[in-house]
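**Student:** give the three-dimensional model of this entry:
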Amino acid sequence: MSFDAQLKAEYQDKVVWITGVGQGIGLSAAQHFAKLGAKVIGFDKHFSDTACLYKSVQCDLAKLTELEAILSQLVAQGLAPYNLINVAGVLEFETIEQLSLAQWMQCQTINSSAVFLFIKACYEHFKTTQNGSIVTVGSNAANTPRQKMAAYCASKAAVTQLTLTAGLELANYGIRCNVIAPGSTLTPMQTGMWLDESGANNVIAGFAQEYKLGIPLQKIATANEIARSVVFIASKLSSHTTMQVLTIDGGATF
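**Tutor:** Purely as a prediction, here's the structure:
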């Protein structure tokens, strides 16, 4: 059986939760899973395309109490996931000196604390079914410091260890938990940092004055490239892979 056929057989009518489906990697992942026959439940504040979604859940991941109630309700309705895909994230771009406590907390809350609630909400379900997996989209910045990105780096380091620890705790139940760590990817988060049309070339070349290496592959990743890796690592095609961080950054960190 071909890889495509195996994926379609695995995902037909399976419920997959994906956060951050409004754009970028989350939307691309939702489209991929939907094509495989999955019932994708997407979470975001705003949606640009709901055609690939079985159910859209409009929510603010920064409002943790409300989020916890929403997730509990979905599980009670029998809509707990086969795969939990954590993609949603925000970036606060400031030096530590200029970074406010509110900006720091925004990054920690959305990038890490919200993921904790998603994992916790599904925990008993995963232990009972002993089937499925968790994938968190982290960042290569979790292990490589970046100037003006202290809040983001810290939040991604936290969510990486959270996911790997879940993998250790759930291993006896056959549940795999892995992290995809992209580098610079062509998404609104990335382009929002560019000052002009030379932004992409500057990122590829690197910023020596900021101690940031360039990209050896000489290109920026697309959301689709990251999403395909998410599908693979989440699926049974990767059935003996757990507690791993797959860095996809064109060689920017090596």
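
**Student:** tell me the first helix or strand C-terminal of the one helix or strand in the chain whose mean pLDDT sits lowest.
**Tutor:** Least confident element among the helices and strands of the chain, by mean pLDDT, DSSP states H and E: helix 199-205 (a mean of 62). Next helix or strand after helix 199-205 toward the C-terminus (DSSP states H and E): strand 221-222.

**Student:** list the contacts of that next one.
**Tutor:** With C-beta atoms under 8 Å, 6 or more residues apart in numbering as the test, strand 221-222 has contacts from Pro182, Gly183, Ser184, Thr185, Leu186, Ile248, Asp249, Gly250. Every C-beta, even on glycine, is put in place using the N, C-alpha and C of the backbone.

**Student:** what is the burial count for the fourth one?
**Tutor:** When neighbours are counted by other C-beta atoms under 10 Å, Thr185 registers 21.

**Student:** thinking again about what came up before, select from the contacts of strand 221-222 the one having the most neighbours.
**Tutor:** Pro182 (25 neighbours).

**Student:** how much space separates that one from Ala157?
**Tutor:** 15 Å (C-beta to C-beta, to the nearest Å).

**Student:** go on, Glu124?
**Tutor:** Separation of Glu124 from Ala157 (C-beta to C-beta) stands at 27 Å.

**Student:** all strands of the stretch 51-200 of the chain, in order?
**Tutor:** For the stretch 51-200 of the chain, strands defined by DSSP state E, counting those that start in this stretch occupy the ranges 55-58, 83-86, 133-137, 176-182, 185-186.

**Student:** for stretch 243-253, what is the distance to the chain centroid?
**Tutor:** Distance, stretch centre to chain centre, for stretch 243-253: 14 Å (C-alpha atoms, centre = their mean, to the nearest Å).
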